[in-house]
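K.L.:
model this:
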Amino acid sequence: QASLWPLDVVLAVSGLSLSLGLLAWVLHTRMPHVFKLSEVAKWLLATLVFFGLALSCVNARALWQAQHRLNPLLEGQEILLLGVIASLPQQTDMSVRFRFQVQSASKLNQASSVVVPEWIDLVWYDRESAEMMKGNLWADLKAGDTWQFSARLKAPHGTLNPGGFDEALWRWEQGVMATGAVTTSKRAAVPQKIKSSWLYPIAQARQYVRSEIERKLLQGDAQSRSLAGVISALVMGDQAAIQAADWDLFRATGVAHLMSISGLHITLFAWVMAAVIRALWRFSASCETQLCLRWPAPQVALLAGALLATLYALFSGWGLPSQRTVIMLWVIGLLQLSGTRWPTFWGLGLALWVVVTFDPWAMLQPGFWLSFVAVGVLFATDAGEGASAPPGVKARVAALAREQGVITLALTPLTLLLFGQVSLVGLLANALAIPWVTLLVTPLALLGMLWPEFWSLTALALSVLTTGLQWLAKLPF
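P.N.:
Predicted structure coming up:
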């Protein structure tokens, strides 16, 4: 749309669509002998109703978001902000970036308050203070803590070059209506920590784990220090920690999708946790408890696996592949508990519907299309729904090779469309990297949260993988 609908148009279209849908449903169920439509007409009517509702919901959400934009008169002025750090701080040599939830704002040296967006992405450049403090103050920046900053704000701006990154659109998707830079001049208010709190406990846990990974690996050799960012991405979804050189290698070999929390990782985690819970629940029977009689072990394992996978997905940053996987796990789990069987694509369709309903702009992210298309292609090319695994190691390897080939072939046009490039060695690199990362690297990285020594083993396994990827990346063409 060239412009947003006014609120009265949103209410009119949504009311009309909802009324039409309810009327058609009542007539179809109560008077089927009178209300007769062909299958094509039913599909067209349903499409019209849901399309009207979808447009109304998106326009309403966009209107609400537009009401929280930064006042242009406040751009460039020094504003005193009081609020809570709401994300994992991302620190470089000369800056630190974080999302800030504003509680109050006022003009510098003035008592009158001003209205600013609730969510602001702040960056703190402080070269002189960084050299003087050696990062001590930045180390105190922790999720959930309340701080006071003096900052200059601006509305999100970005270039509109074809094929380039659209920062303004990305901020809009995130619900961030302003960005800002912390000012540290002599007349500006000194950044001050007000208090600590237990707000944003997941972000706090992620920050603690990241610091433990860095503390363990930054003391090692240069390669271990380089791979600390990759391990942070695998454990907690912190992709910003991966160095640029590593990203270039992963993209050149087509394995970048493995270096973050994927649906495969979450499914494996859910399966392992369900197996552990099932074994413990059955073991309780030998202790003369009535747990298995009150609640069967398979049902407990199913729910526990889905619940723990949900917590892991939240801990890993709640990306689109995580959302899709968690929703599908719950759909499959609840259907099994209820004794209901759905067609395979219905579970995928429900997951897509839920994701888009809660985040319409997810469709603007490449990960949305890659994630759902990949799973859909696997479902569509499956040899048979509910078929057992092929017997023998050779048959299983052949089945995995076939699936990888189908996925690569199906996603190549989409990858070219979204990124303008595709890796020629991606099929071979993924055939080696997928089992290595899924079955060895990721479990070792997760076990490191129980015993940090596993992170050293993870770095060793990753160094073996990167050596092979570097050889593939040097091949001609």
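K.L.:
separation between Phe454 and Glu403?
P.N.:
29 Å (CB to CB, to the nearest Å). (Each C-beta comes from the backbone N, C-alpha and C, glycine too.)
K.L.:
and the two? which has more neighbours close in?
P.N.:
Using other CB atoms under 10 Å as the criterion, Phe454 and Glu403 rank with Phe454 on top: 18 against 15.
K.L.:
who touches that one in this structure?
P.N.:
444-445, 447-448 (CB atoms under 8 Å, 6 or more residues apart in numbering).
K.L.:
can I get the residues you listed in a markdown table with neighbour count, secondary structure and distance to Phe50?
P.N.:
Shown next, in a markdown table, are the contacts of Phe454 (neighbours: other CB atoms under 10 Å; DSSP: H, G, I helix; E, B strand; the rest coil; distance: CB to CB, whole Å):
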| residue | neighbour count | secondary structure | distance to Phe50 |
| --- | --- | --- | --- |
| Leu444 | 20 | helix | 45 |
| Ala445 | 26 | helix | 42 |
| Leu447 | 16 | helix | 45 |
| Gly448 | 24 | coil | 46 |
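K.L.:
List just the nearest of the residues you listed to Thr253.
P.N.:
Ala445 (19.7 Å; CB to CB).
K.L.:
circling back: will you turn the contacts of Phe454 into JSON lines that also has pLDDT and distance to Gln148?
P.N.:
Converted to JSON lines, the contacts of Phe454 look like this (pLDDT from 0 to 100; distance: CB to CB, whole Å):
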{"residue": "Leu444", "pLDDT": "92", "distance to Gln148": "42"}
{"residue": "Ala445", "pLDDT": "91", "distance to Gln148": "37"}
{"residue": "Leu447", "pLDDT": "91", "distance to Gln148": "40"}
{"residue": "Gly448", "pLDDT": "92", "distance to Gln148": "36"}
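K.L.:
how about a markdown table for these, with distance to Gly392 added?
P.N.:
Below are the contacts of Phe454 laid out as a markdown table (distance: CB to CB, whole Å):
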| residue | distance to Gly392 |
| --- | --- |
| Leu444 | 28 |
| Ala445 | 31 |
| Leu447 | 30 |
| Gly448 | 34 |
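K.L.:
and stretch 345-360, what's its mean pLDDT?
P.N.:
Per-residue pLDDT values over stretch 345-360 give a mean of 84.
K.L.:
hmm, who's touching that stretch?
P.N.:
Counting by CB under 8 Å, 6+ apart, 54, 57-58, 61, 173, 320, 323-324, 327-328, 331-332, 335, 362-363, 368, 372, 375-376, 379 sit against stretch 345-360.
K.L.:
Could you tell me which of the residues you listed belong to helices?
P.N.:
Under the assignment DSSP state H, the contacts of stretch 345-360 contribute 54, 57-58, 61, 173, 320, 323-324, 327-328, 331-332, 335, 368, 372, 375-376, 379 to helices.
K.L.:
Pull up the per-residue confidence for the residue nearest the centre of the chain.
P.N.:
Nearest residue to the geometric centre of the chain (CA atoms, centre = their mean): Gly319, 0.8 Å. Gly319 is assigned a predicted lDDT (pLDDT) of 79.
K.L.:
Can you tell me how far it is from Leu418?
P.N.:
Computed with CB to CB, the distance linking Gly319 and Leu418 is 16 Å.
K.L.:
Return, as residue ranges, the portions of this structure with sub-threshold pLDDT.
P.N.:
126-138, 220-222, 383-391 (pLDDT under 70).
K.L.:
how about the strands of it, start to end?
P.N.:
78-85, 90-91, 95-107, 119-125, 146-154, 178-182, 192-195 (DSSP state E).
K.L.:
Reformat those strands as TSV; add distance to Leu432 and mean neighbour count.
P.N.:
TSV is the format used below for the strands of the chain (distance: least, CB to CB, whole Å; neighbours: other CB atoms under 10 Å):
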stretch	distance to Leu432	mean neighbour count
strand 78-85	40	20
strand 90-91	31	16
strand 95-107	35	18
strand 119-125	38	20
strand 146-154	46	20
strand 178-182	41	22
strand 192-195	47	12
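K.L.:
okay, those in TSV with distance to Gly15 next?
P.N.:
What follows is those, written out as TSV (distance: least, CB to CB, whole Å):
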stretch	distance to Gly15
strand 78-85	38
strand 90-91	44
strand 95-107	34
strand 119-125	31
strand 146-154	38
strand 178-182	34
strand 192-195	46
